[in-house]
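A.B. asks: Sequence and predicted model, in that order:
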Amino acid sequence: MREVINISLPSAMAKTVKTAVKSGDFGSTSEFFRHLLRNWQESQLLSELNESRMELAAGKGKVLDSLKDLR
């Protein structure tokens, strides 16, 4: 299911989006913003992963032998 979200952009940003779509980099304005959102989500996950790695390296994490250990 899709949901419509409307946003307001400064003219310069709107022009950037339109130029990217017109040049063929993206098929639509929606595709442009989906791409940005996916990149942001990936960045968030990588940040969490790096934080977990640092905790493990500092001895603060716990390595599970099994998913049953999550309980």
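C.D. replies: Ah, there it is.
A.B. asks: which residues in the protein form helices?
C.D. replies: Assigned by DSSP state H, the helices in the chain fall at 11-22, 29-57.
A.B. asks: Can you add mean neighbour count, mean pLDDT and distance to residue 2 and give those helices back as CSV?
C.D. replies: C-beta here means a position set from N, CA and C on the backbone, and glycine is covered the same way. Below are the helices of the chain laid out as CSV (neighbours: other CB atoms under 10 Å; pLDDT from 0 to 100; distance: least, CB to CB, whole Å):
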stretch, mean neighbour count, mean pLDDT, distance to residue 2
helix 11-22, 12, 98, 18
helix 29-57, 11, 95, 9
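A.B. asks: Skipping adjacent residues, who's closest to residue 63 in space?
C.D. replies: Spatial nearest neighbour of residue 63, excluding adjacent residues (CB to CB, 6 or more residues apart in numbering): residue 56 at 7.4 Å.
A.B. asks: Give me the pLDDT for residue 71.
C.D. replies: Reading off the confidence values, residue 71 has pLDDT 69.
A.B. asks: swap in residue 62?
C.D. replies: Turning to residue 62, the model gives it a pLDDT of 73.
A.B. asks: so how far is residue 49 from it?
C.D. replies: From residue 62 over to residue 49 the distance is 16 Å, taken as CB to CB, to the nearest Å.
A.B. asks: How about residue 63?
C.D. replies: From residue 63 over to residue 49 the distance is 15 Å, taken as CB to CB.
A.B. asks: Tell me who's in contact with residue 28.
C.D. replies: Shown in contact with residue 28 (CB atoms under 8 Å, 6 or more residues apart in numbering): residue 21.
A.B. asks: What separation do you get for it and residue 34?
C.D. replies: 9 Å.
A.B. asks: Likewise for residue 53?
C.D. replies: 29 Å.
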